[in-house]
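# please find the sequence and the predicted model below.
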Amino acid sequence: MKITAIKGMSDILPPESSVWRGVEEKVRQIFDSFGFEEIRTPIVEPTELFVRSVGETSAIVEKEMYTFEDKKGVSLTLRPEGTAPVVRAYIENGLQAKYPVAKLCYFGPMFRYEQPQKGRSRQFFQIGAELLGAESPMADAEMLILLKNIFSGLGIEDVRFEINSLGCAVCRPKYLEAIHGFMKGKEKKFCDDCQKRAKKNPLRILDCKKEPCRELTEAVSTISDFWCEACRKHYREVRGLLLAGHVPFKENTRIVRGLDYYCRTAFEVLCDRLGAQNAVAAGGRYDGLVKDLGGPDIPGVGFAIGMERLTLLAPLIHDSRPTIHEPMFFALLGSEAEQAALSVIQELREKSLRVESAYGGSLKSQLRRADKLKAKWVVILGENEVKKGVAIVKNMHDGKQNEILMGRLVGELSK
RNA sequence: GUGGCUAUAGUGUAAAGGUAGCACAAGAGGUUGUGGUCCUCUUUGUACGGGUUCGAAUCCCGUUAGCCACCCCA
């Protein structure tokens, strides 16, 4: 009985981990350019945090959370998303007093108990960004521009941006009422799922993929008919800024978010290469959330990118640190040679050079190893060399080799 | 949670109820201590548990996992 990873949670091994690192490095550079700083929050939070923010009737809270009791009987939950913990930390640490506008980003695992498939696992990684304290459409637009920079920075050109406005606490209720009114008397014509949605999350009906439901909802007035003047203006300005910022987008009045806290701007970044799970990033504005969680009345806007999906789209990105290429290799024969080499190896590594060696084996096998590691320089040290106080330095590209005094080795190799 | 497809060395693939094989990868060696090409050798496998059968990788059932779709979402 071997022990295996649990369903929906996978290991990220080399060389794939190199893609992850390359992607993360690139994204961090771009975050830097926008002034976002990293926040690291715990992976476990009180269950109530997600119930109150994501929403009791959301699919996440209803059936997807990893919830358990600790030894004192307190209900804890493995975070299913990143925004609520960041907002909790923002309030708890009084960041509104420290930053007029807080720009925070995070990288880390999220957990949802779902049926795994490609691009969807139970532990999955997200890269997220939250901008707190700005109500201006400029904030919404910058988040989308930031996303655009990330995708183009990674060489991903075949994504499309879709945006919508979900209205606010003033105008959205009126729209929900209109949907209910529209459905009245013809509930039976909708699919089972939509009949459930009518009660829990009416907006989702617009998102149904079944043809009969789509046809029925063609006749529903779109949310744009219900926007209040403030929402209308906000949305118009966001679109104007996106045009100015060269973010190509498509308006899609059927975009709905699965989390209750969103209002006004909602957006998704989609790609056809991902199959059914075609969203690689999504986000929106959440102006009431900070207040709902017990903080001051501060607006926010944010997004999350699915790391697994992102690496699926950018498989050619790799860790680009120069030191990992062309390592030096020390072929050591016998324990005396190992002892003699150690301080030289240490000095070279202190200069951030990559130094490899085998852990035993014949000279032949050690050189084979050096070749596989693509080492350019190999230092050969055996009994004869130790006695003479020299080392053989071999250039693997042209096969030439020279004897170098041990004392001059570091200088020669770090040239 | 629902439905469908799949499961053979590390990877990719053969074996149509009768000896589990091939390629690549990995490791050792090819006369004292010199890599790549080449040659030889070696390691590693029928996901797990039952059943049918003289005999199962192959047929059946269950479990697990992966994939595809629904649901949902990143």
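The structure has been received and is ready for your questions.
# for the closest residue to RNA strand B within the stretch 251-400 of chain A, give me its contacts.
Across the stretch 251-400 of chain A, the shortest distance to RNA strand B (C-beta to the nearest atom of the strand) belongs to residue A:258, at 1.3 Å. From N, CA and C alone the C-beta is placed, and that goes for glycine too. Going by C-beta atoms under 8 Å, 6 or more residues apart in numbering, residue A:258 touches A:58, A:59, A:60, A:204.
# make it 7 Å
By C-beta atoms under 7 Å, 6 or more residues apart in numbering, the contact set of residue A:258 is A:58, A:59, A:60.
# same question, residue A:134
Going by C-beta under 7 Å, 6+ apart, the list of residues near residue A:134 reads A:101, A:299.
# and the residue nearest the centre of chain A?
residue A:127 (2.4 Å; C-alpha atoms, centre = their mean).
# shouldn't it be in contact with residue A:107?
Yes: counting by C-beta atoms under 7 Å, residue A:127 touches residue A:107, with 5.4 Å between them.
# flag the shaky bits of chain A, pLDDT-wise.
Residue ranges of chain A with pLDDT under 70: A:1, A:322-325.
# contact partners of the top helix by length along it?
Longest helix of chain A, by residue count under DSSP state H: helix A:16-34. Helix A:16-34 is contacted from outside by A:12, A:103, A:105, A:107, A:127, A:129, A:142, A:146, A:149-150, A:153-154, A:310-311, A:314-315, A:317-320, using C-beta under 7 Å, 6+ apart.
# for the stretch 101-250 of chain A, which residue gets nearest to RNA strand B?
Counting by C-beta to the nearest atom of the strand, the stretch 101-250 of chain A gets nearest RNA strand B through residue A:118, at 2.7 Å.
# which residue is the nearest non-sequential neighbour of that residue?
residue A:275 (5.9 Å; C-beta to C-beta, 6 or more residues apart in numbering).
# for residue A:113, same thing?
Using C-beta to C-beta, 6+ apart, the closest residue to residue A:113 is residue A:64 (5.0 Å).
# how many neighbouring residues does that neighbour have?
Other residues within reach of residue A:64, judged by other C-beta atoms under 10 Å, total 17.
# list the contacts for it?
Residue A:64 neighbours (C-beta under 7 Å, 6+ apart): A:80, A:112, A:113, A:114.
# can you narrow these to ones near RNA strand B?
A:112, A:114 (C-beta under 7 Å from any atom of the strand).
# farthest pair within the contacts of residue A:64?
Within the contacts of residue A:64, A:80 and A:114 form the most distant pair, 9.8 Å apart (C-beta to C-beta).
# returning to that earlier point: surely the residue nearest to residue A:118 meets residue A:120?
No: between residue A:275 and residue A:120 there is no contact under C-beta under 7 Å: 9.6 Å.
# tell me what residue A:44 is bridged to.
residue A:78 (DSSP bridges).
# just checking, it touches residue A:80?
No: assessed by C-beta under 7 Å, residue A:44 is found out of contact with residue A:80, at 11.5 Å.
# of these two, which one has the most company?
residue A:80 (24 against 15).
# so which of the contacts of residue A:258 comes closest to RNA strand B?
residue A:59 (3.8 Å).
# what's the burial count for that closest one?
Residue A:59: 17 surrounding residues under other C-beta under 10 Å.
# check residue A:346 too.
11.
# next secondary structure element downstream of the helix or strand harbouring it?
Using DSSP states H and E, residue A:346 falls within helix A:335-350. Next helix or strand after helix A:335-350 toward the C-terminus (DSSP H and E): strand A:355-357.
# can you give me the buried ones in that next one?
A:355, A:357 (16 or more other C-beta atoms under 10 Å).
# same check, this time on stretch A:266-284
A:266-271, A:274, A:278-284.
# from those residues, which are also near RNA strand B?
Counting by C-beta under 7 Å from any atom of the strand, A:268, A:269, A:278, A:279, A:280, A:281, A:282 from the buried residues of stretch A:266-284 sit close to RNA strand B.
# who does the closest residue to the fourth one other than its chain neighbours bridge with?
Of all residues not flanking residue A:279 in the chain, residue A:268 sits nearest, at 5.1 Å (C-beta to C-beta, 6+ apart). The bridge-partner assignment for residue A:268, based on DSSP bridges, gives residue A:162, residue A:282.
# hmm, residue A:254 and residue A:268 touching each other?
No: applying C-beta under 7 Å as the test, residue A:268 and residue A:254 come out as separate, 10.6 Å apart.
# tell me which parts of the stretch 201-350 of chain A are close to RNA strand B?
Residues of the stretch 201-350 of chain A lying near RNA strand B (C-beta under 7 Å from any atom of the strand): A:204, A:207-210, A:256-259, A:268-269, A:275-282, A:304-306, A:308-309, A:333.
# in strands only, show me those residues.
A:268, A:269, A:279, A:280, A:281, A:282, A:304, A:305, A:306 (DSSP state E).
# which residues are in contact with the fourth one?
Contact partners of residue A:280, counting by C-beta under 7 Å, 6+ apart, are A:159, A:269, A:271, A:274, A:305, A:306, A:309, A:310, A:313.
# re the thing from before, show me just the buried residues among the contacts of helix A:16-34.
Buried among the contacts of helix A:16-34 (16+ other C-beta under 10 Å): A:103, A:105, A:107, A:127, A:129, A:142, A:146, A:149-150, A:153-154, A:310-311, A:314, A:317-319.
# among those residues, which are in strands?
Using DSSP E, the buried ones among the contacts of helix A:16-34 in strands are A:103, A:105, A:107, A:127, A:129.
# just give the closest residue to the first one, not the sequence neighbours.
Same thing as residue A:103. Spatially, and ignoring its direct neighbours in sequence, residue A:103 is nearest to residue A:36 (4.5 Å; C-beta to C-beta, 6+ apart).
# would you mind measuring from that neighbour to residue A:99?
Going from residue A:36 to residue A:99 by C-beta to C-beta, to the nearest Å gives 12 Å.
# repeat that for residue A:410.
For residue A:410, the distance to residue A:99 - C-beta to C-beta - is 47 Å.
# more neighbours, these two?
residue A:410 (18 against 13).
# just to be sure, that one is in a helix?
Yes: the assignment for residue A:410 (DSSP: H, G, I helix; E, B strand; the rest coil) places it in a helix.
# and it, what does it touch?
With contact taken as C-beta under 7 Å, 6+ apart, residue A:410 is in contact with A:344, A:347, A:348.
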